[in-house]
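Novice: After the sequence you'll find the predicted model.
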Number of protein chains: 2
Amino acid sequence: MQDDFLARLAAIVGANQVLTGADAAPFAVSARRVRGDCLAVVRPGTTQEVADVVRLAASCAVPVVPQGGNTGLSDGAVPRGPGVLVLSLSRLNAVLDVDPLNFTMTVQAGVVLAAAQQAASAHGLLLPISLGAEGSCQIGGNLATNAGGKSVLKHGMARACVLGLEVVLPDGTVWNGLKQLRKDNAGYDLKQLFVGAEGTLGTITAAVLALQPAPRTTVTAFVAVPGPAQAIRLLARLRRDSGDCVSAFELMNRYALQVPLAHMPGASRPFDALPAWAVLVELSSCRRDDPLAALLEDALAAAMDAQEVVDAVVAQSQAQALAFWKLRDEGTAFYWKEGGMLLHDPSVPIRSIPDFVERVAQGVEQAASGARVSAFGHIGDGNIHIIVSQPEGADKRAFLALAPAIQQVVYGTAVALGGSFSAEHGIGQLKTAHLARYGDPVALQLMRRLRAALDPRGTMNPRTLFDLQAET
Amino acid sequence: MQDDFLARLAAIVGANQVLTGADAAPFAVSARRVRGDCLAVVRPGTTQEVADVVRLAASCAVPVVPQGGNTGLSDGAVPRGPGVLVLSLSRLNAVLDVDPLNFTMTVQAGVVLAAAQQAASAHGLLLPISLGAEGSCQIGGNLATNAGGKSVLKHGMARACVLGLEVVLPDGTVWNGLKQLRKDNAGYDLKQLFVGAEGTLGTITAAVLALQPAPRTTVTAFVAVPGPAQAIRLLARLRRDSGDCVSAFELMNRYALQVPLAHMPGASRPFDALPAWAVLVELSSCRRDDPLAALLEDALAAAMDAQEVVDAVVAQSQAQALAFWKLRDEGTAFYWKEGGMLLHDPSVPIRSIPDFVERVAQGVEQAASGARVSAFGHIGDGNIHIIVSQPEGADKRAFLALAPAIQQVVYGTAVALGGSFSAEHGIGQLKTAHLARYGDPVALQLMRRLRAALDPRGTMNPRTLFDLQAET
């Protein structure tokens, strides 16, 4: 039966595109090193092959896990059983079209994000999706998880740039919704249902993405602020005064600065004395020679008068700007040097950030006295990552055993403030229990109805979002 | 039975909030003067009352038509039968919150759009939804129909600003999704399913909307161009050179200029000799004293060198800018003076606009020789309205009998070019047959599955989008 299934897969895609055993094993490990198991990996080369594979799997009740670059941080694309088929989209990697008059590009799902960015950039255009894994993540996965990242403040989440989708539905039907339109009020907006569904409602095979004029002027500054309350006032000021050119606004507390400064080779201090709180600010504009630096300096001077700002360093070179960004972007790689660490991905309304940060600090201190809290993130969009490091010199295992209590502090506080326990990394398999715990019951019921309507057999990514296997 | 139902309604909302007979009649006429019929109009004052009304109606299998300002151009909120209940949201008219630090506002569904705009504006913020009916349309209806209008080029359709929704589901359950978050990847994006669903999946009772810094500098120009091909090149140039400050880009052909100039009191010519094609351009920015006029003049000079522009008049005063806008906005009110007219609302990819306009002109000439075509609209977002006036001196009734053939030219051409037969006005009851004809069969099947999953009894707005009554 199993051999017969593999033979039928091979008949669709060719024998060398069906991987098993050691060839398949690398596809069964998540970016968090969670190790799963699978029947095989199939690598179709066309949308029609994807459809044929999905139809075959559905008819044989074989669970299917669509997989792009497999860089997700919530284990959403890891197969978890010897009977599961991994559907790799990586051979669907053509940039089908870049249209500088329509400000759109059409790409297959397996195009690596950086390749899509470059294709847009070659036409003087910006694909406004950017994140750490962009060198290996694929656009299909970015859309299936509604990726966040660095462009959200100015351009929104990944879903904001989706104009059209092609999707293979759970029964193998192809929906061709590859429209290049900005206006199309002809019934329900189907595409938005698949974006962020983490492969549970269908498999995205191609997309039309809206592009923006590429930035031609950028200015970067590190700004010391008294605290988060002043930071969010500074954000509102800069949005207004800059012509809404704020492209990044990354808050970091002292510990978030200390970790990379202590451990990252070549890290340099933006300030002589480390402030309690700082913000990495970036303004960018597609106007040529836009006087952003002067504009920023004026705004910072006014903010200093208003006691929103303590000190500020405007980058005087591209190299200095990169050094600032390195502190922000690469810091997370060094927390392990401080011992046990717990990472969280909450969001709250921007207004609630000061309150959130204070309550989390108090709650963590109660749960794990002496633990060190790093608060950093894209507060322009309300997403503040919280890393909790063990107390200095404490026992790592004993600290990590406190994970549920600390999670409850962080996510419970976020939800109590109208926030989310899953801002940008998605539910995957990592957070199915969180979804059941913190999710609104009416919303969960609606989601289940949608899932049942589109995937009645529950064969698409059955342990992601809702763990269908645990439930039956 | 009917009396009993009305008594139970009155018990929920109070007797004076249940209108029947002559009191109800005005609610049964659409903005296009299509006249329907209803059992009663109910005007709940709270979300809980809406829920109680919907639950009662569902239990009695009474069809419910949610209604806001009833300004839609596709008859989506008109009751069509003596047993239908109109659910008016107009008493839910509180602005619950405007938050200048979070850049959001929370409003009930019955808030008139202009009142919501003013509430934002009082905090120096912009609610980026603007359309002709803003003085009487309500925000709930704007979201239920995913309104387009003047802000789409820069800020997207109405759905782009929705961060959260409160919805009464078809069985009377309240989903409170009033989140103020820009990032929330915790399962399917339910809110986007209700936006644009025209009340068929539930009734929007409140919403959280993202706001923008209010514009502080604006410049307006009327620009004569050789044709649509040059117009879309000019658009791309202006987007890049202005720092993406193009807030309007409205193409008009000569006939679209002639009609208001001939009939509108006080209309003044922007050019001595009317060009074959012109574009009304607006740049705006929230920077104080942004030198947009100089920037526009430089860009137009470069465009003239590139033969994209023939002539241009930059408005020298607010009054002149308003006069330009009057030609664009109020022209449609005068076509009846030219005899029979047919209005269409297609969209196409921006790149295809020149092709579309040419094919439509040829097709209309074949279908109705001598008919006059007005092509005008928001081509920055691919939405070009087509009004076809009867040939001068022809018989009006004979011309109007050609409507199906002319519609087929306009919408058939749009769809053939990857466009839509319903860009911004929605399906309503007017276009259910168009949806069946031009819609993609796989998409239609998906929409029906969603409708059945969320409204299994089909009691919500049963003749809108899909005409469930005609189908059974």
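Specialist: Sure, I can see it. Numbering: from 1, shown residues only, chains lettered A, B, ... in the order given.
Novice: Next one: A:M341 from chain B, what distance?
Specialist: For A:M341, the distance to chain B (CB to the nearest CB, to the nearest Å) stands at 22 Å. Using the backbone N, CA and C atoms, a C-beta is placed for each residue, glycine as well.
Novice: Quick check: phi and psi at that residue.
Specialist: phi -140, psi 150 (degrees, to the nearest 10).
Novice: for A:W277, same thing?
Specialist: In terms of degrees, to the nearest 10, the main-chain angles of A:W277 are phi -140, psi 140.
Novice: what's the burial count for it?
Specialist: 22 (other CB atoms under 10 Å in any protein chain shown).
Novice: and if you look at A:R237?
Specialist: Using other CB under 10 Å, A:R237 has 19 other residues around it.
Novice: Wait, a helix at it?
Specialist: Yes - judged by DSSP: H, G, I helix; E, B strand; the rest coil, A:R237 forms part of a helix.
Novice: Let me see the residues that make contact with the worst-scoring helix or strand of chain A on mean pLDDT.
Specialist: None of the helices or strands of chain A scores lower by mean pLDDT, DSSP states H and E than helix A:468-471, at a mean of 78. Helix A:468-471 has contacts (CB atoms under 8 Å, 6 or more residues apart in numbering or on different chains) with A:80-81, A:432, A:458, A:462-463.
Novice: One more: stretch A:402-414?
Specialist: Defining contact as CB under 8 Å, 6+ apart, one finds that stretch A:402-414 is touched by A:342, A:344, A:346-348, A:356, A:359-360, A:363-364, A:366-368, A:371, A:386, A:388, A:419-421, A:434, A:438.
Novice: Burial check on the closest residue to A:L127 other than its chain neighbours, number of neighbours?
Specialist: Leaving aside its sequence neighbours, A:L127 sits nearest to A:A120 (CB to CB, 6 or more residues apart in numbering or on different chains; 4.3 Å). Using other CB under 10 Å, the number of residues around A:A120 comes to 24.
Novice: cool, A:G148 as well?
Specialist: Residues within reach of A:G148, counting by other CB under 10 Å, total 27.
Novice: cool, and A:V348?
Specialist: 29.
Novice: Retrieve the pLDDT associated with it.
Specialist: For A:V348, the model assigns a pLDDT of 97.
Novice: Next up, phi/psi of it, please.
Specialist: Per-residue torsions, A:V348: phi -140, psi 160 (degrees, to the nearest 10).
Novice: on that earlier part again, so which of the contacts of stretch A:402-414 sit within strands?
Specialist: A:342, A:344, A:386, A:388 (DSSP state E).
Novice: does the third one really touch A:A371, like I thought?
Specialist: Translated: A:I386. No - counting by CB atoms under 8 Å, A:I386 does not reach A:A371; the two are 11.0 Å apart.
Novice: more crowded one of these two?
Specialist: More crowded of A:I386 and A:A371, by other CB under 10 Å: A:I386, with 28 against 22.
Novice: Distance check, the more buried one against A:F324.
Specialist: Distance of A:I386 to A:F324, given as CB to CB, to the nearest Å: 22 Å.
Novice: same question, A:I139
Specialist: The spacing between A:I139 and A:F324, counted by CB to CB, is 28 Å.
Novice: do the same with A:I427
Specialist: In terms of CB to CB, A:I427 sits 33 Å off from A:F324.
Novice: Same drill for those two, tell me which one is more crowded.
Specialist: Per other CB under 10 Å, whichever of A:I427 and A:F324 has more neighbours is A:I427, with 26 against 22.
Novice: Would you list the phi and psi of that one?
Specialist: Taking degrees, to the nearest 10, you get phi -90, psi -50 for the backbone angles of A:I427.
Novice: Correct me if wrong: it contacts A:D75.
Specialist: No - between A:I427 and A:D75 there is no contact under CB under 8 Å: 9.7 Å.
Novice: overlap in contacts of those two?
Specialist: Here A:I427 and A:D75 have no joint contacts, going by CB under 8 Å, 6+ apart.
Novice: Tell me the buried residues in the least confident helix or strand of chain A?
Specialist: Of the residues in helix A:468-471, those scored as buried under the neighbour-count criterion (16 or more other CB atoms under 10 Å in any protein chain shown) are A:L468.
Novice: So which residues on the stretch 201-350 of chain A come close to chain B?
Specialist: Residues of the stretch 201-350 of chain A found near chain B (CB under 8 Å from any CB of the partner chain) are A:201, A:212-213, A:232-233, A:236, A:239-245, A:285-288, A:290, A:295, A:347-350.
Novice: Just those: which are in strands?
Specialist: A:212-213, A:285.
Novice: Most neighbours among those residues, please name it.
Specialist: Neighbour max across those (other CB under 10 Å) = A:S285, 25 neighbours.
Novice: Please give the number of neighbouring residues around A:L19.
Specialist: If you count neighbours by other CB under 10 Å, A:L19 ends up with 18.
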